[in-house]
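A.B. asks: sharing a model prediction with you, sequence too.
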Amino acid sequence: MPLAIAAVVILLATGVGLLAVGFNSRIYSIRTAADITARCAADAGLTMALYQMNQKLLEASWSNDTLPAADDVALLGCDATYSYQVAFDGTGGYTVQSLGQSGGAHRSVTATLRLMSAFEHAVLTRNKLTLKAGTLVDAYNSADPSDTDLKTSIATQAYAAGSIVLNNGVVVNGDIGIPRGGSIDTVIKDLGATVGHKLFTGLTPLPQVTAPSLASVGSLTVKGATTTLTPADSGRYTSVSLSSTGIGKPGILQISGGDVVMHVTGNIDLGNSAEILVQNGSTLTLYVDGNVVSDNSSSISHEGSPQAPTVIKIYATGSRPQTLNLRAKGNWTGVVWGPNATVTLRAGADVYGAVVADRFEFKAGGNFHYDKALRQADTDDDAVTFVVSRWSEGQAASFE
Amino acid sequence: MPADRKTSTRRPGFTLVELMVTVLIVMIVTLALGAVLAQNQIGWNAAYAGVNSEVASAGAVAARKFDAIVRNASATGGDIDVNGLWIELNYYSDDAALQPDCYARLYTSGDELKVEYGTLDPRLALATQTVCANVSACRFQQLGGSAQMTLTLDDGTRTSTTTTSAVPHNE
């Protein structure tokens, strides 16, 4: 009998001990889970604020009067809530404060947003990027000629081996970026290039650009003649075709008199020696849903200084993969936005501007010069996005 | 009468066989109880160690440290060993810095997990901290935009494996 009582007492003591350990573990895990959930909720609030800021960019006009804010939004699948508030800092930046709450746990994150230009890199591709042998990629600053830091960057968002091909003699005055998670030695196929740093970069968003609503004009065909478009001719074209006559007189499209905006829903065909020429003092913004086909000696060029790449802006706006075969007889001046397009750039001389493409091949006879002024972004620009510039987290906080 | 006398002279008690059976039963019960108590003790020790052992606590501390370093890091720059033996992340020294100008490098040295802090330009190590000891294995990976650490601690009596991942939030 005493033995049985002793055994029961010992078992009870052990059981109580186990229950105590289990209870403490449970309390610890509940607190840890609440902590993590609150942190996730705060992160979700920041993500939602960022999303709403980028959605706001799609509105016709930007206003700092109505910036995104929300209170006690439920985080799906758990008991957590988040609140966020975006504030304009008065100097062009925006600050987001997001609070997450779960059970008794509170977490806050604070972030500074900046407006990222569509052309932060000289060349950015989703997939392959090829620079021919001997190419120099460098930068200048048309907005600040006294700028002495003339480094630029090229980057890919691909992880596949050989996504960036730097042929022999390529010189990049700046960095080569690949996405985090890739292998620098594998993704970059370096065949004897001289570059700055090879490093990881964040995956920046590549938004789809939508052409503005323009009046329908029909097709534009120019054969062996010169046609001039002025701002009054801006509109939506079904196709553009420039071709030469049998005796070799080329079709030429002149852009004159100011800013011309064209939305071409089909292809742009530039026959032999055909030319799109943007005259001094004018600009051309081209939204293309189809392909750009450029035959030998055709050209898209600008009369004025080549160091003003925003005079020619080409946006690939098709819903399917596109091919943009671009040529210039002399210097190429312009920026190309085509995250879903295969872009090939040939020029008789140097290239001034920037390219965003799915695949890009540089075949110009000269070098590639990136204009650092392209990094300046405005809420009215196409393909700009808000990104998190600075981020920090803390414990409980409040908007007050 | 002789028969009555014979009966009255018997003394009450257990036979040897009864005694042996009883002792045997008590021994079996005692052994069973002992086994149950021993198993309980082992289970209790395991449960307690799972929560409060030095390696489990150190693993949790290391995971929090890794999370804090990665979440505050810049998505630009940094490096990782091809075999996952170390990872380096860049970060901003303060809000005024235009580029990531500092680094944090996590690596193992002997059986310790360490983190080294320093400046990038010039490359200068400023401080080194020991995150935890008793490291028997540690591997770093980059998966998509995230960084991951799988850490196994072994103090000779207990083993604890912690896996954690986080995403750099700064540009």
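C.D. replies: Yep, it's here.
A.B. asks: against chain A, how distant is the residue nearest to B:W86 when sequence neighbours are not counted?
C.D. replies: Spatial nearest neighbour of B:W86, chain neighbours left out: B:Y107 (3.7 Å); criterion: C-beta to C-beta, 6 or more residues apart in numbering or on different chains. Using the backbone N, CA and C atoms, a C-beta is placed for each residue, glycine as well. According to C-beta to the nearest C-beta, to the nearest Å, B:Y107 and chain A sit 18 Å apart.
A.B. asks: what's the helix or strand where B:Y107 lies packed up against?
C.D. replies: Assigned by DSSP states H and E, B:Y107 belongs to strand B:102-109. Counting contacts by 3 or more C-beta pairs under 8 Å, 6 or more residues apart in numbering or on different chains; DSSP states H and E, strand B:102-109 packs against helix B:54-71, strand B:86-91, strand B:112-119, strand B:135-143.
A.B. asks: the second one - contacts with which helices or strands?
C.D. replies: Put plainly, it is strand B:86-91. strand B:79-80, strand B:102-109, strand B:135-143, strand B:146-154.
A.B. asks: ok so, going back, give me whichever of the helices and strands packed on strand B:102-109 is most buried.
C.D. replies: strand B:86-91 (a mean of 22; mean count of other C-beta atoms under 10 Å in any protein chain shown).
A.B. asks: and that one with strand B:146-154, angle?
C.D. replies: 130 degrees (axes from the mean of the first three to the mean of the last three C-alpha atoms, to 10 degrees).
A.B. asks: chain center to strand B:86-91: distance?
C.D. replies: Averaging C-alpha positions (C-alpha atoms, centre = their mean, to the nearest Å) puts strand B:86-91 25 Å from its chain's average.
A.B. asks: CA-only coordinates of that strand in PDB, if you can.
C.D. replies: The C-alpha coordinates for strand B:86-91 follow below in PDB (Å, rounded to 0.1, in the frame of the first residue of the first chain):
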ATOM      1  CA  TRP B  86      28.700  32.400 -45.100                       C
ATOM      2  CA  ILE B  87      26.400  35.200 -46.200                       C
ATOM      3  CA  GLU B  88      27.000  38.900 -46.400                       C
ATOM      4  CA  LEU B  89      24.400  41.600 -46.600                       C
ATOM      5  CA  ASN B  90      24.700  45.300 -47.100                       C
ATOM      6  CA  TYR B  91      22.800  48.000 -45.300                       C
END
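A.B. asks: which parts of chain B sit against chain A?
C.D. replies: Neighbours of chain A within chain B, by C-beta under 8 Å from any C-beta of the partner chain: B:26, B:29-30, B:33, B:36-37, B:40-41, B:43-44, B:47-48, B:50-52, B:71-72, B:75-79, B:82, B:92, B:95, B:142-147, B:168-171.
A.B. asks: which intervals of chain B have sub-threshold pLDDT?
C.D. replies: Scanning chain B for pLDDT under 70 picks out the ranges B:1-10.
A.B. asks: so what's the gap between the longest helix along it and the chain middle?
C.D. replies: The helix that spans the most residues within chain B, counting by DSSP state H, is helix B:16-52. Put simply, helix B:16-52 sits 29 Å off its chain's centre (C-alpha atoms, centre = their mean).
A.B. asks: now swap in stretch B:146-161 and tell me
C.D. replies: 6 Å.
A.B. asks: mind giving me the domain split of chain B?
C.D. replies: Chain B is divided into the following domains under automatic domain parsing: B:16-52, B:54-166.
A.B. asks: in terms of contact, does A:G366 touch A:L345 like I think?
C.D. replies: No - look at A:G366 against A:L345 with C-beta atoms under 8 Å: they stay out of range, at 11.0 Å.
A.B. asks: for the residue nearest to B:W86, give the beta-bridge partners.
C.D. replies: With DSSP bridges as the criterion, B:Y107 is bridged to B:W86, B:K114.
A.B. asks: OK, contacts around it?
C.D. replies: By C-beta atoms under 8 Å, 6 or more residues apart in numbering or on different chains, the contact set of B:Y107 is B:L85, B:W86, B:I87, B:L113, B:K114, B:V115, B:E116.
A.B. asks: that's a strand at A:T66, yeah?
C.D. replies: No - assignment of A:T66 by DSSP: H, G, I helix; E, B strand; the rest coil gives coil, placing it outside any strand.
A.B. asks: just the strands in the stretch 1-150 of chain A please.
C.D. replies: A:69-74, A:81-88, A:94-102, A:105-116, A:123-125, A:129-131, A:136-140 (DSSP state E, counting those that start in this stretch).
A.B. asks: quick one on the thing from earlier: how much does the strand holding B:Y107 deviate in direction from strand B:86-91?
C.D. replies: 160 degrees.
A.B. asks: CA-only coordinates of strand B:102-109 in CSV, if you can.
C.D. replies: Extracted in CSV, the C-alpha atoms of strand B:102-109 (Å, rounded to 0.1, in the frame of the first residue of the first chain):
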residue,chain,number,x,y,z
CYS,B,102,28.0,49.0,-44.4
TYR,B,103,27.9,45.2,-44.3
ALA,B,104,27.0,42.4,-41.9
ARG,B,105,28.7,39.1,-42.6
LEU,B,106,27.4,35.9,-40.9
TYR,B,107,29.8,33.0,-40.8
THR,B,108,30.9,30.1,-38.6
SER,B,109,34.2,29.9,-36.9
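A.B. asks: enumerate the positions of it that are buried.
C.D. replies: Under the neighbour-count criterion of 16 or more other C-beta atoms under 10 Å in any protein chain shown, strand B:102-109 has B:C102, B:Y103, B:A104, B:R105, B:L106, B:Y107, B:T108 buried.
A.B. asks: please name the residues that touch the first one.
C.D. replies: This means B:C102. Here B:C102 is in contact with B:N90, B:Y91, B:Y92, B:S93, B:Y117, B:G118, B:T119, B:L120 (C-beta under 8 Å, 6+ apart).
A.B. asks: count the residues that sit near the residue of the stretch 201-350 of chain A found nearest chain B.
C.D. replies: Here the residue of the stretch 201-350 of chain A nearest chain B is A:G202; by C-beta to the nearest C-beta that distance is 3.2 Å. Residue crowding around A:G202 was assessed by other C-beta atoms under 10 Å in any protein chain shown; the count is 21.
A.B. asks: contact partners for it?
C.D. replies: A:P179, A:R180, B:A75, B:T76, B:G145, B:P168, B:E171.
A.B. asks: and the residue nearest to the last one when sequence neighbours are not counted, what element?
C.D. replies: The one in question is B:E171. Nearest residue to B:E171, sequence neighbours excluded (C-beta to C-beta, 6+ apart): A:S389, at 5.0 Å. Here A:S389 sits within strand A:385-394, counting by DSSP H and E.
A.B. asks: partner strands of that strand, parallel or antiparallel?
C.D. replies: Strands that pair with strand A:385-394, judged by DSSP bridges, come out as strand A:105-116 (antiparallel).
A.B. asks: the strand it pairs with: how far from the chain's middle?
C.D. replies: With C-alpha atoms, centre = their mean, you get 21 Å for strand A:105-116.
A.B. asks: got the CA positions of that strand in CSV?
C.D. replies: Presented in CSV, the C-alpha positions along strand A:105-116 are these (Å, rounded to 0.1, in the frame of the first residue of the first chain):
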residue,chain,number,x,y,z
ALA,A,105,1.3,41.9,-29.9
HIS,A,106,1.9,45.1,-31.8
ARG,A,107,4.5,45.7,-34.5
SER,A,108,5.1,48.7,-36.7
VAL,A,109,7.1,49.3,-39.9
THR,A,110,8.0,52.7,-41.3
ALA,A,111,9.1,53.1,-44.9
THR,A,112,10.1,55.9,-47.2
LEU,A,113,8.8,55.6,-50.7
ARG,A,114,10.4,57.0,-53.8
LEU,A,115,9.2,57.3,-57.3
MET,A,116,11.3,55.0,-59.5
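A.B. asks: what's the angle from that strand to strand A:81-88?
C.D. replies: Angle between the axes of strand A:105-116 and strand A:81-88 is 30 degrees (criterion: the same axes, to 10 degrees).
A.B. asks: quick one on the thing from earlier: so which of the helices and strands packed on strand B:102-109 comes closest to A:S61?
C.D. replies: helix B:54-71 (35.8 Å; C-beta to C-beta).
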